[in-house]
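> When you get a sec, could you give me coordinates for this:
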Amino acid sequence: MNILVFSWRDLKHPLAGGAEQVMHEHMKSWVAAGHKVTLFSSYFSGAKREEVVDGVETLRKGCQLGGVHIAAFFWYVFKNHKKYDLVVDQFHGIPFFTPLYVRKPKLAVLQEVAKDVWFLNDFSFPLNLVIGFLGYISEPIIFLLYRNVDFMVGSNSAKEDLIKMGIPSLKITIVPHGVIIKYPKPFPPKEKIKTVMFLGALAKDKGVEDAIKVFSLLNKKRECNFWIVGRGGESYVSKLLSMCKELGLDNKVKFWGFVDDKNKFELLARAHLMINPSAREGWGLVNIEANSVGIPVVAYSSPGLIDSVKNGKSGILVKENLPEKLAKAIIEILDNKERYRHLQTGALAWSKNFSWEKSKQESLRLINKVV
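The predicted structure is shown next:
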């Protein structure tokens, strides 16, 4: 088949995250199965307008915030291009509205329904409220366009949210994500001082501000190291640094910025616990990455996180999404060696349930079914 994928970012985008990694792995598997795949994504500074990445023909036009969606429409409708057998419409808050102009079979790929996350954007007041309000009220209307489109999601939480948005259950297929692990060699020892780590995009909806509040509470109770690993916009990172200073953490929290996979897994292995205070996820790939090197995760009971964290086995889910609850759970684990070892063992066992080979086979079956 000739397959076209619309996505707001590709894997090389400076702000690419778990969603882009997941989509890239599926596209690679489709290419390996003999299909031709074209990815239409946004342009970013320094990028090539056209290139082939792991067999995927990549086109970049328009900016990621809306521009790529408009560029995709005009390119598909008015420009000369291949004839496609399947068009994949990847949601990230805003989809590509393919039911309005694509007559070929379609597959919508969704990580999570945004809902209240619309209000957790990084824009300044009052634009943040305007965008939040418009996104929140328009999202249910947008899903009406997709009632007859097949969906691929990564968790039961995402499926349940889609059903609430009016998408028929039979139109939704859960394809669990795999995990790419790069074990450090040699495997490093733990930090001498208990180390609590946040890993993810530095964005409001990922809960990094709550993570800093947790660090502040822990700092008053015991000696710990605090690491924040991930990248974010310059202005938002400055806000986070100011927040750390106000809470007396300016010399206690280490911001590692973006790290490659090799260093990411080394930092995970050296840490003792990872926290995940995200408001909403499609799955929570970082939780499985942490588990794969024996790191338990303490997380909010948010959609997606309740799927990727096995409560009491691979980590702990707190009942209320409050920094105080996370801090309390962390102290209880760090103060109980037997419980910590139990969670370490469970984390390793849980992570072995997720294989990209299995996920790729399921997505291949799905695209064949859709077409």
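> going forward, measure contacts between C-alpha atoms and count neighbours the same way
OK.
> what residue of this protein is the furthest out?
Computed with CA atoms, centre = their mean, the residue of the chain farthest from its C-alpha average is Asn80, at 33.6 Å.
> so it, which of the three states?
coil (DSSP: H, G, I helix; E, B strand; the rest coil).
> Mind jotting down where the helices sit in this protein?
Assigned by DSSP state H, the helices in the chain fall at 18-32, 67-78, 127-144, 156-164, 208-221, 234-246, 261-270, 285-292, 305-308, 323-334, 337-351, 356-370.
> Count the residues that sit near the nearest residue to Val237 once chain neighbours are set aside.
Take Val237 and drop its neighbours on the chain: the residue closest to it by CA to CA, 6 or more residues apart in numbering is Leu202, 7.2 Å away. By the other CA atoms under 10 Å criterion, the neighbourhood of Leu202 contains 24 residues.
> With Ser155 instead?
Neighbourhood size, Ser155 [other CA under 10 Å]: 26.
> picking up where we left off before, dump the helices of the chain to a markdown table, plus mean neighbour count, mean pLDDT and distance to Lys252.
A markdown table is the format used below for the helices of the chain (neighbours: other CA atoms under 10 Å; pLDDT from 0 to 100; distance: least, CA to CA, whole Å):
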| stretch | mean neighbour count | mean pLDDT | distance to Lys252 |
| --- | --- | --- | --- |
| helix 18-32 | 19 | 94 | 28 |
| helix 67-78 | 16 | 96 | 40 |
| helix 127-144 | 15 | 89 | 30 |
| helix 156-164 | 20 | 95 | 35 |
| helix 208-221 | 20 | 96 | 8 |
| helix 234-246 | 14 | 94 | 9 |
| helix 261-270 | 19 | 96 | 16 |
| helix 285-292 | 25 | 96 | 22 |
| helix 305-308 | 23 | 96 | 27 |
| helix 323-334 | 18 | 96 | 16 |
| helix 337-351 | 19 | 97 | 23 |
| helix 356-370 | 16 | 95 | 37 |
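> of all those helices, which lies closest to Ile193?
With CA to CA as the criterion, Ile193 lies closest to helix 261-270 of these, at 10.3 Å.
> where's Val208 relative to Leu285, distance?
Per CA to CA, to the nearest Å, Val208 is found 16 Å from Leu285.
> should've said Asp335
27 Å.
> Could you do Gly315 as well?
Separation of Gly315 from Leu285 (CA to CA): 14 Å.
> what's the burial count for the residue lying closest to Asp261 once chain neighbours are set aside?
Leaving aside its sequence neighbours, Asp261 sits nearest to Lys182 (CA to CA, 6+ apart; 6.8 Å). Burial of Lys182 is recorded as 15 neighbouring residues (other CA under 10 Å).
> ok, now the one 5 residues further on?
Here the neighbour count serves as a burial measure; for Phe187 (other CA under 10 Å) it reads 12.
> That one contacts Ala269, correct?
Yes. Contact criterion CA atoms under 8 Å: Phe187 and Ala269 qualify, at 7.5 Å.
> Overlap of the contact sets of the two?
Between them, Phe187 and Ala269 share no contacting residue under CA atoms under 8 Å, 6 or more residues apart in numbering.
> Of all the helices of the chain, which one comes closest to Ser45?
So among the helices of the chain, helix 67-78 is nearest, using CA to CA, at 14.2 Å.
> Can I get stretch 311-320 in PDB, CA atoms only?
Extracted C-alpha coordinates of stretch 311-320, given in PDB (Å, rounded to 0.1, in the frame of the first residue of the first chain):
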ATOM      1  CA  ASN A 311      -0.300   0.000  41.400                       C
ATOM      2  CA  GLY A 312       1.500  -1.800  44.200                       C
ATOM      3  CA  LYS A 313       3.700  -3.700  41.700                       C
ATOM      4  CA  SER A 314       5.600  -1.300  39.400                       C
ATOM      5  CA  GLY A 315       4.900   1.700  41.500                       C
ATOM      6  CA  ILE A 316       2.300   3.600  43.500                       C
ATOM      7  CA  LEU A 317      -0.700   5.600  42.300                       C
ATOM      8  CA  VAL A 318      -1.900   8.200  44.800                       C
ATOM      9  CA  LYS A 319      -5.600   8.600  45.100                       C
ATOM     10  CA  GLU A 320      -5.700  12.400  45.000                       C
END
